[in-house]
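Student: Provided below for reference: sequence and predicted model.
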Amino acid sequence: MRAYLQQTHEMLFDAHEHAFALFGGVPQRGIYDNMKTAIDKVIRGKLRQVNKRFEAMASHYLFDTQFCNPASGWEKGLLEKAVRDAWHSIWPLLSANRVHCDMGLPSTNYRKASSVCSKYY
């Protein structure tokens, strides 16, 4: 299991690379939420303006992408539960990293311009 502090393209691509290695190959299709690293704009319904870097990654690995409708939690309910369960299993590991926060090491959540440490610890 891998956890990332930010949702940058580099971390998204790293996560895909490690997942594909774990799976022993690339799936035919990936189902995604409307995250900023994949979608530049939700147009309407299933129409999306896909981010060029994300599109290049999907094209490189030769898999199709599908995006959930906004505010349609039932489309990704199983995934959300799996993430919640994983979060609870890694929380003790993240708590161990509090030492780094107490030491004042830089760790920034750019979305809210506040430190990850102050948000989670």
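Tutor: Arrived safely, thanks for sending.

Student: Residue 46 contacts residue 67, doesn't it?
Tutor: Yes - proximity of residue 46 to residue 67 meets the contact threshold set by Cβ atoms under 8 Å, at 6.9 Å. Just so you know, the C-beta spots here come from the backbone N, C-alpha and C atoms, and that holds for glycine as well.

Student: ok, residue 70 to residue 22 distance?
Tutor: Separation of residue 70 from residue 22 (Cβ to Cβ, to the nearest Å) stands at 29 Å.

Student: Kindly report the same for residue 50.
Tutor: For residue 50, the distance to residue 22 under the criterion Cβ to Cβ works out to 25 Å.

Student: which of those two has more neighbours?
Tutor: residue 50 (16 against 10; other Cβ atoms under 10 Å).

Student: give me phi/psi at the more buried one?
Tutor: Recorded main-chain torsions at residue 50 are phi -80, psi 140, according to degrees, to the nearest 10.

Student: quick one, which of residue 46 and residue 67 is more surrounded?
Tutor: residue 67 (19 against 10).

Student: from memory the more buried one sits against residue 34, does it?
Tutor: Yes - between residue 67 and residue 34 a contact is recorded at 5.8 Å, counting by Cβ under 8 Å.

Student: between these two, what contacts are shared?
Tutor: Counting by Cβ atoms under 8 Å, 6 or more residues apart in numbering, the contacts common to residue 67 and residue 34 are residue 48.

Student: Show me which residues of the longest strand anywhere in the chain are buried.
Tutor: Once the chain is assigned using DSSP state E, the strand that runs over the most residues is strand 39-44. Using 16 or more other Cβ atoms under 10 Å as the test for burial, strand 39-44 gives residue 39.

Student: To what extent is residue 54 buried, counted in neighbours?
Tutor: Here the count is done by other Cβ under 10 Å, and residue 54 has 21 residues near it.
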